[in-house]
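J.: The following comprises the amino acid sequence and a computationally predicted model.
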Amino acid sequence: MAFSGEGTTASLLAFVQGFRSESNKLVWQQIIDCLNLVTAVFSEDKALAAGLSAFVLKLVSPAVEKIGWEPSEGEDYLTSQLRGMLLSTAGLYGHKGVIAEAQRRFELYTSSKEQSAAGPSVRGSIFQICIKYGGSSEYTAVKKEWETAKSPNNKVVALSAMGGFEDPVSLIFPACFCGKCAKNTNN
């Protein structure tokens, strides 16, 4: 209703607060999509954007703490997807603990010390978070993952995370993936 003008953003935010203890992936998907849209609408106002980020973190943090990084025995597919979605959301909105753990796992995974550090349900989250808060070395590591991945799913996960890289100097995307793009001689 807030998006149609029939309600207010404040009432929407109050409404979604009631879902703090929700455990259904499909419900969380709608909540997160909605909050991402609200955040995008108000992104130009830095104070408001900061307040919305704090709101999102307050909303998702209990669910992130509950679901954790590791799957439980007998966990269903939707719970696995929920884990990745909640971790991505928390990390991309600035949850310091999630960011630190994603960076730790990224280092273990990309250094080949512990491939299980970035299991299938959290690999995309780890890549997205490390691309956002890292630099060209993280981008290069994820690009290497894209180039060497055997499964199409792993390629999609890496490519999706690479889309979040914001350094315009390093981005010649996706033309240079083929190795045939022209070099920029103007620099």
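T.: All right, it came through fine. This structure is a prediction, so every number in the text was calculated from the model and none was measured.
J.: going forward, measure contacts between C-alpha atoms and count neighbours the same way
T.: Will do.
J.: Which helix or strand contains Q29?
T.: helix 25-41 (DSSP states H and E).
J.: where are the low-confidence patches of this protein?
T.: Low-confidence segments of the chain (pLDDT under 70): 1-5, 167-187.
J.: returning to that earlier point: what residues of the helix holding Q29 count as buried?
T.: 25, 28, 31-32, 34-36, 38-39 (16 or more other C-alpha atoms under 10 Å).
J.: Nearest residue to the spatially most central residue of the chain in space, please, no chain neighbours.
T.: Centroid-nearest residue in the chain, with C-alpha atoms, centre = their mean: S88, separated by 3.2 Å. Spatial nearest neighbour of S88, excluding adjacent residues (C-alpha to C-alpha, 6 or more residues apart in numbering): S125 at 4.6 Å.
J.: all helices of the protein, in order?
T.: Ranges of helices in the chain, per DSSP state H, are 9-17, 25-41, 46-67, 77-92, 96-110, 123-133, 136-148, 152-162.
J.: Now find how far off-centre the last one is within its chain.
T.: It stands for helix 152-162. On the basis of C-alpha atoms, centre = their mean, to the nearest Å, helix 152-162 sits 12 Å off its chain's mean C-alpha point.
J.: that older thread, ranking the helices of the chain by mean neighbour count, which comes first?
T.: Highest mean neighbour count among the helices of the chain (mean count of other C-alpha atoms under 10 Å): helix 123-133, with a mean of 25.
J.: Could you export that one as CSV, CA atoms only?
T.: Extracted C-alpha coordinates of helix 123-133, given in CSV (Å, rounded to 0.1, in the frame of the first residue of the first chain):
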residue,chain,number,x,y,z
ARG,A,123,29.1,-19.0,-1.3
GLY,A,124,27.1,-16.3,-3.1
SER,A,125,26.7,-14.3,0.1
ILE,A,126,30.4,-14.5,0.8
PHE,A,127,31.3,-13.4,-2.7
GLN,A,128,28.8,-10.5,-2.7
ILE,A,129,30.0,-9.2,0.7
CYS,A,130,33.7,-9.5,-0.1
ILE,A,131,33.2,-7.8,-3.5
LYS,A,132,31.3,-4.9,-1.8
TYR,A,133,33.8,-4.4,1.0
